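Enquirer: fold the stuff below for me.
(chains A, B and C)
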Amino acid sequence: MHELVIKDLLNKMKIQNPLVHHITNNVTINDCANVTLAIGGSPVMATSIDEVADMVNLANALVINFGTIDDQTFDAMILAGKAANEKGIPVIFDPVGVGATPFRTKKAQELLNKVSVSIVRGNATEVYALIGGDAQTRGVDAGKIPLSNEKLALKASKDLKAITVISGKLDVISNGEETKSIENGDIWLTRITGTGCMTTSLIGCFASITNDFFSAAIAGMSVMSLSGERAKTRLNQNDGIGTYRVMLMDEISLITAEIWEEGVRFA
Amino acid sequence: MHELVIKDLLNKMKIQNPLVHHITNNVTINDCANVTLAIGGSPVMATSIDEVADMVNLANALVINFGTIDDQTFDAMILAGKAANEKGIPVIFDPVGVGATPFRTKKAQELLNKVSVSIVRGNATEVYALIGGDAQTRGVDAGKIPLSNEKLALKASKDLKAITVISGKLDVISNGEETKSIENGDIWLTRITGTGCMTTSLIGCFASITNDFFSAAIAGMSVMSLSGERAKTRLNQNDGIGTYRVMLMDEISLITAEIWEEGVRFA
Amino acid sequence: MHELVIKDLLNKMKIQNPLVHHITNNVTINDCANVTLAIGGSPVMATSIDEVADMVNLANALVINFGTIDDQTFDAMILAGKAANEKGIPVIFDPVGVGATPFRTKKAQELLNKVSVSIVRGNATEVYALIGGDAQTRGVDAGKIPLSNEKLALKASKDLKAITVISGKLDVISNGEETKSIENGDIWLTRITGTGCMTTSLIGCFASITNDFFSAAIAGMSVMSLSGERAKTRLNQNDGIGTYRVMLMDEISLITAEIWEEGVRFA
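Expert: You can find the predicted model right below:
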């Protein structure tokens, strides 16, 4: 069922070329723009409070990423988020580092109170912190939590009233009733910066061309994990993370409905 | 005529190693720095209002790029632009996304009123918006306009009193009297972020070592389009936009007067 | 002696996976994050004054880089630096462009007055400016100074009470009594942006897992210079700086104690 929708989304993406507005971090902003282009979307990254609402009015989805958040950027996120809600386009939220500092956790709560979010994507500790847990996130890396990712995704999706994606060894996506797990991936996806952020951007692209946000979330997550796996197989013995990063972007830009269908493995 | 000047500029660039000050966006700032180094210039990207004027006094050209503009950055641009005018070094302006939001259009007008700009480079809709047209720019992509790029470049150059470069399938450069069109290029140049910004940086490099800004603009634009074309021919079947981006930077760093002369095609 | 320590650090890095907090510039922030991952550390780049002190409390070292400094970022640096001093983790300072503008020089002095810095890394003109010399730095490039790099490193280390690393044709590291010089390197390291910043990040990684900051500084500097040399040998005739940048990150991610021992050359 989701498979058919996702294949259709992959086929339509490069034709529809949706505009995906990002308010994101300074570390991986270039990667987010390039991955949006790679899958067939069109990125825009305006951040001034004087124009984010206008830009959202041109866009098909809004990605909010907390990577290097500060008060100024946060204000722009709220403004853009409200404009997106009003327009009826999906808001995709990446709670980078939430749980690591009180500031991040507080700001994330504030965002969720003021903006209706369609999809959340993070690692387990970030998502756990988002629903009030304390997993001692260490920086932007995942910590330890007392729930399985499957149960956490299910609970978070209910609590947050948003499709929830947890990236990990097994990626889990839940709509609050159903969960779907993806087996693809490679440990090297954790050895370069930005793969989480880029996954959120991919999800934003898919969510911008369908109302089936559950399928969109599965699509974005699985495209990243499958591409990360395929990129690894292209490496030679002397290749390191520099080459891996290039191959990853290659694979994302080359993915088709056929490649996806043949390669994706649900648990 | 231009050909001789451009070959000479290409020969001199790596020897003169001009300092090109950028006030640019957070998305492609790294690409702009690397492309400046690739062609033989030296980039500096200071943005604090407390030092931009001092930095301009060390520089040979100033590149102003509107990609992720906000009020603070804009103030720095005005300060730096005035310092550049006073010192007599060229200001190269990239009106990224102008026309997409009222904020951008207003700020661009304000910049043009306060700073004398030597060269403008954008896509057709951005340049059209700059001279008062409404082309419904969608984000940072090109929209539809009622003039040919050739006529638009000519008119914009007269109106703005600046060499005008319009990037597109055919790149057009005008000095208000003459226009020159470049046939080189590849559609993949639109599939990675930053090729427009990087072209503006290249133009800034060339403009920093000559008073013939028309030739400098042709040089920067043609180096990008020719390198984009050459990079494409180096790709293998399994290569995507990750590899393309690497090859593009390679080609720019390897270009010589001889390669340019042999490869460039004027319409 | 240092050799044994450094080999041990290289072996331990990927196991200990230290968290290295950066407050750095917008140009090379992605490179700094990726190089930290490449060597085996974990990067965090938070910059808001509302959380930098909390983030430092999770971190094992703090890297402060002046690349695109402004008043807001500077305040965050001071806050984070004081928190690092209180916690007893090392502060590594990269005085990018100091000497180029009065603003940078003044801010660097202010930082050194308020924060105790364990290691400083820059080019000769930056370090010279830091101890009160005037070398007419041109942007972020090295200028001319009247001391040998060896004497400068020694003097700076005494004056600043910090291990001092000067990157150059010969890299020099001093602890105020002893100096160590590294012969590895390649001119192409100066042809891409960020190699200096990345070296400082590498030093931060090593300093985060030992109290022997002299060895840590030698380790970080030599890993960069050796990797830059090794990357160059992997290039084919048609490769330029795009490919070089990828190979450099590859080599850093692939370095081992054995590769390092075999390749490093002290003068």
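Enquirer: the spatially most central residue of chain A: what's it in contact with?
Expert: Centroid-nearest residue in chain A: residue A:200, 1.4 Å away (criterion: CA atoms, centre = their mean). Residue A:200 is in contact with A:32, A:63, A:65, A:92, A:93, A:94, A:121, A:220, counting by CB atoms under 8 Å, 6 or more residues apart in numbering or on different chains. To be clear about C-beta, it is placed using only N, CA and C from the backbone, and glycine gets the same treatment.
Enquirer: of these, which belong to strands?
Expert: The strands, defined by DSSP state E, take in A:63, A:65, A:92, A:93, A:94, A:121 from these.
Enquirer: check the offset of the helix or strand hosting residue A:150 from the chain's centre.
Expert: Assessed by DSSP states H and E, residue A:150 sits inside helix A:149-160. The chain centroid and the centroid of helix A:149-160 are separated by 16 Å under CA atoms, centre = their mean, to the nearest Å.
Enquirer: and the next helix or strand after it with helix A:149-160, angle?
Expert: Toward the C-terminus, helix A:149-160 is succeeded by strand A:163-167 as the next helix or strand (DSSP H and E). Angle of strand A:163-167 versus helix A:149-160, following axes from the mean of the first three to the mean of the last three CA atoms, to 10 degrees, is 150 degrees.
Enquirer: can you list the strands that strand A:163-167 pairs with?
Expert: strand A:119-123 (parallel), strand A:171-174 (antiparallel) (DSSP bridges).
Enquirer: quickly find the element holding the nearest residue to residue A:2 once chain neighbours are set aside.
Expert: Once flanking residues are discounted, residue A:2 sits nearest to residue A:215: 4.7 Å by CB to CB, 6 or more residues apart in numbering or on different chains. Using DSSP H and E, residue A:215 falls within helix A:213-233.
Enquirer: packing partners for that helix?
Expert: With contacts defined as 3 or more CB pairs under 8 Å, 6 or more residues apart in numbering or on different chains; DSSP states H and E, the packing partners of helix A:213-233 are helix A:2-16, strand A:119-123, strand A:163-167, strand A:171-174, strand A:179-182, helix A:195-207, helix A:241-254, helix A:257-263.
Enquirer: so for it, what gets flagged as buried?
Expert: Buried residues in helix A:213-233, counted by 16 or more other CB atoms under 10 Å in any protein chain shown: A:213-232.
Enquirer: and if you look at stretch A:52-63?
Expert: A:52, A:53, A:54, A:55, A:56, A:58, A:59, A:60, A:61, A:62, A:63.
Enquirer: widest-spaced pair of those residues?
Expert: A:54 and A:63 (17.0 Å; CB to CB).
Enquirer: how much distance is there from the helix holding residue A:215 to the middle of the chain?
Expert: That offset, for helix A:213-233, works out to 11 Å (CA atoms, centre = their mean).
Enquirer: average pLDDT for it?
Expert: Across helix A:213-233, the average pLDDT comes to 98.
Enquirer: what angle separates that helix from helix A:241-254?
Expert: Orientation of helix A:213-233 against helix A:241-254 (the same axes, to 10 degrees) gives an angle of 130 degrees.
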